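Engineer: Quick one, structure for this:
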Amino acid sequence: MTLHDFLEEKEFVKSVHEALFNILSLLLKKDMPFSIVTNVARVKFAPPLPENITKRFQSASVFELDGYTLSSARMENGALCFEAGFGENNFASLVSVPVGAILQIFINNNPLFINMSIEKPQTAQKNEDKKSSYERSLKALLNNPKNKKLLKE
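Structural biologist: I've put the predicted structure just below:
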């Protein structure tokens, strides 16, 4: 198994997500200001942010949780949720960041946690599950000698 394979391993990804959830919960419980670096493509905004704001985001963007943003933060359904204002007019939005989309956690510009796990996209996982299901079905079919004759004809 390669390092890349290990970082994609379901058990490892699950363990990292649990660690992230626990660390974030503790930071919120202690009311400790922190920053997160996120895969912004997986972050949800309600209401959606205007394009003039989203075009400024990088693929990995930093969100600082302090003051009102920190006081509004909570863990919900495997995501860090908080209220924040964006842009010059402080456009208000509820931000929902799945724990797997959090790449790093910082306190006072010091790294606290780095997420090294590699989460496979849902569609890739579903295709892999379908493939393994197909392979299991084919193997079961071929294990019966009577079926082998049918496939040769």
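Engineer: hang on, Ser15 in a helix?
Structural biologist: Yes: residue state for Ser15 (DSSP: H, G, I helix; E, B strand; the rest coil) corresponds to a helix.
Engineer: Nearest residue to the middle of the protein?
Structural biologist: Nearest to the mean C-alpha position of the chain, by C-alpha atoms, centre = their mean, lies Gly100 at 2.3 Å.
Engineer: residues in contact with it?
Structural biologist: With contact taken as C-beta atoms under 8 Å, 6 or more residues apart in numbering, Gly100 is in contact with 13, 16-17, 20, 42, 115, 117, 119. In this view, the C-beta of every residue, glycine as well, is placed from N, C-alpha and C.
Engineer: Could you chop the protein up by domain?
Structural biologist: Described in terms of automatic domain parsing, the domain architecture of the chain consists of the residue ranges 3-119, 120-153.
Engineer: now, of these, which is deepest in the fold?
Structural biologist: Sort those by mean neighbour count, taking mean count of other C-beta atoms under 10 Å, and domain 3-119 sits at the top with a mean of 15.
Engineer: pLDDT of that one, averaged?
Structural biologist: In this model, domain 3-119 has a mean pLDDT of 95.
Engineer: coming back round to it: pick out the most distant pair among the contacts of Gly100.
Structural biologist: The span of the contacts of Gly100, defined through C-beta to C-beta, is set by Val16 and Arg42 at 14.9 Å.
Engineer: I'd guessed Leu80 sits against Ile36; true?
Structural biologist: Yes: because the distance of 7.2 Å satisfies C-beta atoms under 8 Å, Leu80 is recorded as touching Ile36.
Engineer: Which of the contacts of Gly100 sits closest to Ile107?
Structural biologist: Of all those, Ile107 sits closest to Leu20, with 14.5 Å by C-beta to C-beta.
Engineer: Distance of the closest one relative to Asn110?
Structural biologist: With distances taken as C-beta to C-beta, to the nearest Å, Leu20 is found 17 Å from Asn110.
Engineer: Spell out the secondary structure type for Ala41.
Structural biologist: helix.
Engineer: now it, nearest residue through space, not along the chain?
Structural biologist: Spatial nearest neighbour of Ala41, excluding adjacent residues (C-beta to C-beta, 6 or more residues apart in numbering): Ser59 at 6.7 Å.
Engineer: The one you found and Arg42 touch, don't they?
Structural biologist: No: taking contacts as C-beta under 8 Å, Ser59 lies outside contact range of Arg42: 10.5 Å.
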